[in-house]
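S.K.: make a model of this:
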Amino acid sequence: MGAMAEKVYGFYMPTVSLLGLGAVKQVGQQAKVLGGTKALIVTDAGLARIGVADQIKGYLEEAGLSVTVFDGAEPNPTDLNVRDCLKVWQDNGCDLLVTLGGGSSHDCGKGMAIMATSGGDIRDWAGIDTLQADLPPYIAINTTAGTGSEMTRFAVVTNTDTKVKMVFCDARLTADVAVNDPGLMVGLPSSLTAATGMDALTHAVEAYVTTLLSNPVTDCLAMQAIRLIGKWLRKAVANGTDLEARDAMAYAEYLAGMAFNSAGLGIVHSMAHQPGSLLGKPHGVCNAICLPVVCEFNLIANAEKYAKVAELLGENIEGLTTMEAAEQAVAAIRRLSRDIGIPKGLAAIGVTEKDIPVMAENAMKDVCTLFNPRTVKVADIIELYKKAM
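M.R.: Numbering: from 1, shown residues only. The predicted model follows:
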């Protein structure tokens, strides 16, 4: 028996994770455990308008905390947005962060907390393991079954000067408490359910096929996430009040987050980040459009795993060669996108051919490109963008 080469796997998780219908009612109790006295809820205007922020504020106040709400988290939050949030944190002497929403709220809150604890400007801290201090006590409450941001060590904030998304990856960015309550997702519009669901699928697929950091633990998580999304996403889009579908998607989203939090992502995300930062396009939709195109490109790098993706999505691969089965994964992803109403290409959401060169250059520099299973050049990314149009 030959000697094994050394290989150490990292695995990152929130200290406490609460999942299931009614989980959000424990927020006050968790805030007290963390020692919070003055909470800042970071959320978006929509969740504030429909009363969800007030609901969370009530739970925290019942536990004896004073609460301030910042409802200015923007889609694809920017460095300016994060600075505005920091001012509210400082002006109110807050000591507990609660982010409420999808990825944008979590990213805005994490970006604010970086500056509150590590100092300087948010731009100073982009990259991997750069932070100088722990975040304040932090509870992340998720309202979409997509981004995984409530439980990961990642944050993404747009630099308003360069129009590039800065990626932050640091274990210190992981929430102390992550909450996934499907009851908070019932009112989500079908288009947003579709986009966030495809975001979760992208996380699972990319984490599964990366060859650098994926490991037996992340593979198990990614496979179950893919299986659940293939079974339940259509139902969640078709009927947003289907609590069984919402619960399954909340679970799937969390598993996918666990997978990519440790295994990394790939060039689907590198490519999807660019229309988001440059043009303000929705992240989940950009991922959904780029996913089958990139999978097709990556097939030769990890055909065995793509064949398994096809099987997990419900395809009958009996009698097929490995590559034929892998190609069925691409077809299954395209069919799922079509069934739930994802736009047919980047052109349909306003991306133009003239945007491609700068997007490709920026995608090549994106940290996610490091983990793609197939080596890629700028010329490859340009061709992939053209196919995704």
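
S.K.: that's a strand at Leu6, yeah?
M.R.: Let me fix one detail, which is that residue 6 is Glu and not Leu. No - using DSSP: H, G, I helix; E, B strand; the rest coil, the secondary structure at Glu6 is coil, not a strand.

S.K.: any idea of the pLDDT on it?
M.R.: Note on Glu6: pLDDT of 76.

S.K.: swap in Ala145?
M.R.: Per-residue pLDDT puts Ala145 at 86.

S.K.: surely it touches Thr193?
M.R.: Yes - between Ala145 and Thr193 there is a contact at 7.4 Å, judged by CB atoms under 8 Å. All C-beta atoms are positioned from the backbone trio N, CA, C, and that covers glycine.

S.K.: for these two, list the residues in contact with both.
M.R.: Residues touching both Ala145 and Thr193 (CB atoms under 8 Å, 6 or more residues apart in numbering): 185, 236, 249.

S.K.: and of those, the nearest to Leu291?
M.R.: Met249 (17.0 Å; CB to CB).

S.K.: what secondary structure does that closest one sit in?
M.R.: Under three-state DSSP, the three-state class of Met249 is helix.

S.K.: can you tell me how far it is from Lys281?
M.R.: 23 Å (CB to CB, to the nearest Å).

S.K.: neighbour-wise, which of those two wins?
M.R.: Met249 (31 against 21; other CB atoms under 10 Å).

S.K.: tally of neighbours for the closest residue to the more buried one other than its chain neighbours?
M.R.: Among residues not flanking Met249 along the chain, Ala145 sits closest, at 3.8 Å (CB to CB, 6 or more residues apart in numbering). Number of residues near Ala145 (other CB under 10 Å) recorded here: 33.

S.K.: with only the CA atoms kept, save stretch 11-29 in PDB.
M.R.: C-alpha atoms of stretch 11-29 as PDB (Å, rounded to 0.1, in the frame of the first residue of the first chain):
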ATOM      1  CA  PHE A  11     -14.700  23.000   6.900                       C
ATOM      2  CA  TYR A  12     -16.400  26.200   8.100                       C
ATOM      3  CA  MET A  13     -19.800  26.600   9.800                       C
ATOM      4  CA  PRO A  14     -21.800  29.000  12.000                       C
ATOM      5  CA  THR A  15     -21.700  28.100  15.700                       C
ATOM      6  CA  VAL A  16     -25.500  27.800  15.800                       C
ATOM      7  CA  SER A  17     -27.800  27.000  12.900                       C
ATOM      8  CA  LEU A  18     -31.600  27.100  13.300                       C
ATOM      9  CA  LEU A  19     -33.700  25.600  10.500                       C
ATOM     10  CA  GLY A  20     -37.400  24.900  10.100                       C
ATOM     11  CA  LEU A  21     -40.800  26.600  10.400                       C
ATOM     12  CA  GLY A  22     -40.800  28.900  13.400                       C
ATOM     13  CA  ALA A  23     -37.100  29.000  13.900                       C
ATOM     14  CA  VAL A  24     -37.000  32.800  13.600                       C
ATOM     15  CA  LYS A  25     -39.000  33.100  16.900                       C
ATOM     16  CA  GLN A  26     -35.700  32.100  18.700                       C
ATOM     17  CA  VAL A  27     -33.900  35.200  17.600                       C
ATOM     18  CA  GLY A  28     -34.300  37.100  20.800                       C
ATOM     19  CA  GLN A  29     -33.100  34.200  22.900                       C
END
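
S.K.: I appreciate the help and will end here.
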